[in-house]
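Peer 1: Just the structure for this:
(12 chains)
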12 protein chains.
Amino acid sequence: MSHHVYKQIELTGSSTTSIQEAIENAVARAAQSVRNMRWLEVVDTRGHIEDGKVAHWQVTIKVGFTLE
Amino acid sequence: MSHHVYKQIELTGSSTTSIQEAIENAVARAAQSVRNMRWLEVVDTRGHIEDGKVAHWQVTIKVGFTLE
Amino acid sequence: MSHHVYKQIELTGSSTTSIQEAIENAVARAAQSVRNMRWLEVVDTRGHIEDGKVAHWQVTIKVGFTLE
Amino acid sequence: MSHHVYKQIELTGSSTTSIQEAIENAVARAAQSVRNMRWLEVVDTRGHIEDGKVAHWQVTIKVGFTLE
Amino acid sequence: MSHHVYKQIELTGSSTTSIQEAIENAVARAAQSVRNMRWLEVVDTRGHIEDGKVAHWQVTIKVGFTLE
Amino acid sequence: MSHHVYKQIELTGSSTTSIQEAIENAVARAAQSVRNMRWLEVVDTRGHIEDGKVAHWQVTIKVGFTLE
Amino acid sequence: MSHHVYKQIELTGSSTTSIQEAIENAVARAAQSVRNMRWLEVVDTRGHIEDGKVAHWQVTIKVGFTLE
Amino acid sequence: MSHHVYKQIELTGSSTTSIQEAIENAVARAAQSVRNMRWLEVVDTRGHIEDGKVAHWQVTIKVGFTLE
Amino acid sequence: MSHHVYKQIELTGSSTTSIQEAIENAVARAAQSVRNMRWLEVVDTRGHIEDGKVAHWQVTIKVGFTLE
Amino acid sequence: MSHHVYKQIELTGSSTTSIQEAIENAVARAAQSVRNMRWLEVVDTRGHIEDGKVAHWQVTIKVGFTLE
Amino acid sequence: MSHHVYKQIELTGSSTTSIQEAIENAVARAAQSVRNMRWLEVVDTRGHIEDGKVAHWQVTIKVGFTLE
Amino acid sequence: MSHHVYKQIELTGSSTTSIQEAIENAVARAAQSVRNMRWLEVVDTRGHIEDGKVAHWQVTIKVGFTLE
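Peer 2: Reported below is the predicted structural model:
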C-alpha cells in the first residue's frame, strides 16, 4: 500500500430517509465515474426542514480513491 | 429568497432509540414555538452511558428559520 | 461598562448587491426588535449561484447586545 | 433525562474582580428571565485594560436550559 | 457529582451495518474492562469503501468514566 | 432537491479592485467548464502587498455544483 | 530532557468552589496512580447550574507525564 | 525567494466606510514603520453598532514582511 | 475610535498562585514597554506540575494596543 | 499574477522512507496529469505501523495550480 | 477488519536529530508495552531552543492499536 | 521558571533542501536579533512548486522567548 497516491474529493449526498442513506447515495453516485474508492470521512451533517419536520438529510463527505 | 433574514438557534434533542430520532425530537419541540424553520446543522453528537450501554443519545443542532 | 451582561444571537442576512449590504440588512432587521446592539462578528460568508453568477450573498453574523 | 430538549444561549458577563465572578454575573442575570438552567460552557475569556492593568474581565459562556 | 474525577479515553468502533452500531460496539468492548462509563462524544465518522459501497463504518468516540 | 448529489471544488480568484470581484472572477472562470453551480462559501481572504499597498486580492472559495 | 517519551491523558476534575480547584482536584487524584506528571493544559471549562447558580465547576485537562 | 525569512504581525484596522477600507487603513498605517510587506490574511471581521447601524468596521489581519 | 489601528502581541505570563495572576503578571510586564494597551484575550492555559501538584500556572494571552 | 484563477486539489502521498518523500511522491504523481502546479500545503501527517515500527508514511497535502 | 475496536493514546517523543526520529522514538517506546499498533497521526510539532539553535524536537502523536 | 514572562513571534523560514532546514533557517535568522529563545511550534508547512517539483519549503513557526 505504501507506493500509492490517493486523491480526495468532497461530495454532498441527500436522502429523505436517513443520514446514513445520504452518505450511501453520495458514494453510489461517485461510483459511476470514480474507481478504486477506498474510504470516506463525514465532514458535515445538515437537514432541510419543511412544515416543522426534516424533509431530507444532506451529508457532506470526503471520499479518497487510489490514483492509478 | 435573497431578501430574507434568518436566525439560528442551538438546541439539544435526546432519544433512547437513535441519533437521528434525537435530532427529530429537537426539531419537533422547536416547531411548537418557531415557525418557518428552514434547515439544521449537527454540531455535536453525544450519548449517556448506563450499565455499559448507551442509554440515550443527545445531539446538539443549529436550526435556522426565517424572520418574518 | 464593567457591570453589563451581553447576549449574542446569530443571524444570516442576504443581498443581491454586496457582502457588506447582506450584513447591514441583517443588522437593520434585528434593529426592529432588539435594542442596544453593540457589535457584530462575521461567522460565515456564502453566495447563491444562478446561471454562473453570484445571484445573492448570504452572510452569517453574531450580534451582541446589552441585556437591560 | 432522555426526553428533554435543551436550548443554548450565548452570554457575556463582566466583573472588575475575577474571571469566575464574570461568569457568575452572567448566570445571575440570566436567572432573572430563564428557568431551568442546567449547565454552562466557557467560550472566550477577555479583559479590558486601562492604565496598564486589567480593569474588568469579560467572559463569554454558553448556557443550556430545559425547554418546558 | 461534584467531587468526582473523570477520565476520558478515545476508541474507534466498527460495524458493517450502521454508524450507530459502530459506536455501540466500541462501548460494549470498553465495558469489558472499564467500569462506571458515563458518557460518550463522537469525534470522527469514517467508512471503508469496497466495490463502490460502504463495507464497514468506523466511528471514533471519546468515552468518559468515573475514577473510583 | 432531495435526490441530488453535489460536488465541491476549491478555487482561488484574484482582483486588483476588490474582495468581492476576486470571488466573482473565480465563479466566472469556473462557469466556463462547470455547469449547475449552486453555491459558494468563502474559505480564506488574502491580499498581495506591493509598495505598502494592497496590489491585488486573493480569495479562496468552495463552489458546490450538482452532479448530473 | 531530549530522550524522554511522554504520555498525555485527559481528565475532568470538579469543585464546588472554583475553576482552579477543579483542576487541582484532577491533578491530586491522578497523583495517586501516575508518577512523574510534568504539565497540564486546560481543554474545556464547564459548570453545572442549580437554582440559578453555579453549583460546581467541571474542568477538563490534559496531563502529560514521563514514561519511565 | 527561497532564502528569505518572513515575520508576521497581527493588526486591526477600522473604517466607517467599508470592510475593505479597514484592511487598507491597517496596511497604510503599518507601511509607516514596516518595509517589505508582502501579503496579508484576514483573521477576523467585526463591526461596531450604534443606533441600530454599523458605525465602523474593525478587521483583524496578519501581515507578512521580509526580514532584511 | 473608528480611525485607530491596533496591534496584537502574544505573551505568556506565569504565577505560582493563580491563573488570573499569571495573566496580570504578563500585562504588568508588557506595561513597562507598551503604552495604550486596550484589551486581552486568553489563548491557552497551562500548568507546570511538580511532586503531584501544580507548581506554577502559565497562561498565554493576546494583548491589543493602539498604534499611535 | 493578479488575473489568475487557481484550483486546489487534495492528495495523499506515501513513502517507506520519510515524511518529505511522501509529499514529493504525491507531487510527482500529480505532475503526470496537472500542469502549472504552484504551491502545496500539508494538511495531515500519518504513519502506518507494522511490528512496532513505522512501515510507511502517509501525508495529505493540498496542491494549488493555475487554471489556464 | 470490520469487527475490531481500536484505542488511541497520545504520546510525545523527542530527538536531538530530527522531527521524524522524535516520532519513531515515541513509537519504539510504546512498542515495549503496547501490542498491535496500527497507525499514528501527528498532532503537534515543537522544538526546544538553546543558544539560538534547535536543541531537540518534540513531536506529539496519536497512536491507534487494536484491542484484543 | 515561574516568574518569567515570554513573548511569541511568528516567522516563516524557507529552504530548498528540507522542511526541517526551513525551520532551522528561521530560528538562525531570529537569533541575530532575539535573545533567550526557548521553544518553537510549527504552525503551517507549505512548499513552492516549480516544473512539477518542490522548489523550496516554507514553514511557519511560533517562537517563544523570555522577556528580560
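Peer 1: Pick out the residue in chain A sitting closest to chain B.
Peer 2: Going by CB to the nearest CB, chain B is nearest to A:Gly52 of chain A, at 3.2 Å. For glycine as for every other residue, the C-beta is placed from the backbone atoms N, C-alpha and C.
Peer 1: any idea how far that residue lies from D:His4?
Peer 2: 19 Å (CB to CB, to the nearest Å).
Peer 1: And the strands in chain A?
Peer 2: A:6-15, A:37-50, A:53-66 (DSSP state E).
Peer 1: Run through the residues of chain A sitting next to chain F.
Peer 2: A:9-16, A:25-26, A:29-30, A:48, A:55-56, A:60 (CB under 8 Å from any CB of the partner chain).
Peer 1: Those also near chain G: which ones?
Peer 2: Answer for the residues of chain A next to chain F near chain G: none qualify (CB under 8 Å from any CB).
Peer 1: Which PyMOL command selects the buried ones in those?
Peer 2: Command for PyMOL, covering only those of the residues of chain A next to chain F found buried under the criterion 16 or more other CB atoms under 10 Å in any protein chain shown:
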select buried, chain A and resi 9+10+11+12+13+14+15+25+26+29+30+48+56+60
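Peer 1: from the residues of chain A next to chain F, which two are the most distant?
Peer 2: Pairwise distances among those were taken by CB to CB; the largest, 26.3 Å, belongs to A:Ile9 and A:Ala55.
Peer 1: Model confidence at the residue in chain A that chain E sits nearest to, what's the number?
Peer 2: At 3.2 Å from chain E, A:Ala31 is the closest residue in chain A, using CB to the nearest CB. Note on A:Ala31: pLDDT of 97.
Peer 1: wait, what's in contact with the most far-flung residue of chain A relative to its centre?
Peer 2: For chain A, the residue at maximal distance from the C-alpha centroid (CA atoms, centre = their mean) is A:Asp51, at 26.4 Å. Residues counted as contacts of A:Asp51 (CB atoms under 8 Å, 6 or more residues apart in numbering or on different chains): none.
Peer 1: How much space separates it from chain L?
Peer 2: With distances taken as CB to the nearest CB, to the nearest Å, A:Asp51 is found 46 Å from chain L.
Peer 1: Now the phi/psi pair for that residue, please.
Peer 2: Main-chain torsions, A:Asp51, degrees, to the nearest 10: phi 50, psi 40.
Peer 1: State the distance from it to H:Thr66.
Peer 2: In this view, A:Asp51 and H:Thr66 are 59 Å apart by CB to CB.
Peer 1: related to what we said a few turns ago, separation between the residue of chain A closest to chain B and chain L?
Peer 2: For A:Gly52, the distance to chain L (CB to the nearest CB) stands at 45 Å.
Peer 1: For chain C, give me its nearest residue in chain A.
Peer 2: In chain A, the residue that lies nearest chain C is A:Asp44 (12.2 Å; CB to the nearest CB).
Peer 1: I'd guessed that residue sits against A:Val59; true?
Peer 2: Yes: at 7.1 Å, A:Asp44 and A:Val59 qualify as touching, with contact defined as CB atoms under 8 Å.
Peer 1: quick one: common contacting residues for the two?
Peer 2: In contact with both A:Asp44 and A:Val59: A:Thr12, using CB under 8 Å, 6+ apart.
Peer 1: can I assume A:Thr66 is in contact with A:His4?
Peer 2: Yes: A:Thr66 is within contact range of A:His4, at 5.2 Å (criterion: CB under 8 Å).
Peer 1: These two - which one has more neighbours?
Peer 2: Set side by side, A:Thr66 and A:His4 show more neighbours around A:His4, with 18 against 15, by other CB atoms under 10 Å in any protein chain shown.
Peer 1: Can you name the residues that contact that one?
Peer 2: Per CB under 8 Å, 6+ apart, neighbours of A:His4: A:Thr66, A:Leu67, J:Ser14.
Peer 1: at 7 Å instead, please
Peer 2: Taking CB atoms under 7 Å, 6 or more residues apart in numbering or on different chains as the criterion, A:His4 is in contact with A:Thr66, J:Ser14.
Peer 1: got it, and the one 3 residues further on?
Peer 2: Listed by CB under 7 Å, 6+ apart, the contact set of A:Lys7 reads A:Phe65, A:Leu67, J:Ile9, J:Glu10, J:Leu11.
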